[in-house]
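Colleague: structure here, sequence nowhere to be found:
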């Protein structure tokens, strides 16, 4: 199994976004540890279910393992190295919708502990509402006259985020970090490339812990942006690039209390009196 996974991964990773590649590689290493003693033809549905069950407290990570393992076996089928895919019929673990909302105070507390690069990335995530992978790969050519152009890696959605003073200032801070190093990307990384997702995630975790903030990940900034946008009268669906309004609703995490109205007893009594 470890050898099959190694052989399949280049094909699986081809064309994937940077953060997806990082996550899939982590999943591949975990799968190699889980199935290190197995030959591919020995893996059964029961083995997969048992392997995933030990991660039932981390359903997102478990489901990612299942996705990668399914693609590994599909690659094996295409190349003739296996005769069946035991992942077929294995159900994903049920996930509870994430309700954690990073508020502005927590955002500023984490940013105060962050270095200059992470701080500007946090601002760009919040001000644009885009996924971390799309923020990290903003190109200088995406800086248009009327705004910041984004073509989302996951969905292909395209939008132009109009300039405002805060977004323009964040972009200028990012550009200044390059100093004399030429790059096609807005944010500085190694050898002129964009920053690595794993590096930024490690910086986030360190800053979050230093700020004493728990259960907050960098992906929550997208939900924070959409929630704050709606509260400010901005259409969150257009900002987040969702085709389906129900998807946007799952992202929004307004902790405010909804005001509702109950029925009137007097209205019923008056209606009965008239009848």
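Modeller: Looks like it arrived, so ask away. From a predicted model like this one, the values you see are computed outputs, not experimental measurements. Numbers count the residues shown, from 1 in each chain.
Colleague: for the rest of this, base every contact and every neighbour count on C-alpha atoms.
Modeller: OK.
Colleague: show me the shaky parts of the stretch 101-250 of the chain.
Modeller: Low-confidence segments of the stretch 101-250 of the chain (pLDDT under 70): 242, 244-250.
Colleague: could you measure from residue 73 over to residue 63?
Modeller: Per CA to CA, to the nearest Å, residue 73 is found 15 Å from residue 63.
Colleague: so how far is the helix or strand hosting residue 48 from its chain's centroid?
Modeller: Applying DSSP states H and E as the criterion places residue 48 in helix 45-53. Taking CA atoms, centre = their mean, to the nearest Å, one finds the center of helix 45-53 at 26 Å from the center of the full chain.
Colleague: same check, this time on stretch 150-163
Modeller: 15 Å.
Colleague: please apply the same query to stretch 212-232.
Modeller: That offset, for stretch 212-232, works out to 12 Å (CA atoms, centre = their mean).
Colleague: what residues does it touch?
Modeller: 100-103, 106, 110, 122, 125-132, 201, 204-205, 208, 235-237, 239-240, 251-254 (CA atoms under 8 Å, 6 or more residues apart in numbering).
Colleague: and stretch 151-164, by the same measure?
Modeller: Against stretch 151-164 from outside (CA under 8 Å, 6+ apart): 17, 128, 130, 133-134, 146-150, 239, 241-242.
Colleague: which two among those are spaced furthest apart?
Modeller: Comparing every pair within the contacts of stretch 151-164 by CA to CA identifies 17 and 146 as the most remote, at 26.3 Å.
Colleague: more neighbours: those two, which one.
Modeller: residue 17 (15 against 11; other CA atoms under 10 Å).
Colleague: for that one, which non-adjacent residue is closest in space?
Modeller: Of all residues beyond its chain neighbours, the one nearest residue 17 is residue 153 (6.5 Å), with distances taken as CA to CA, 6 or more residues apart in numbering.
Colleague: from residue 130, how far off is residue 149?
Modeller: Residue 149 is 11 Å from residue 130, by CA to CA.
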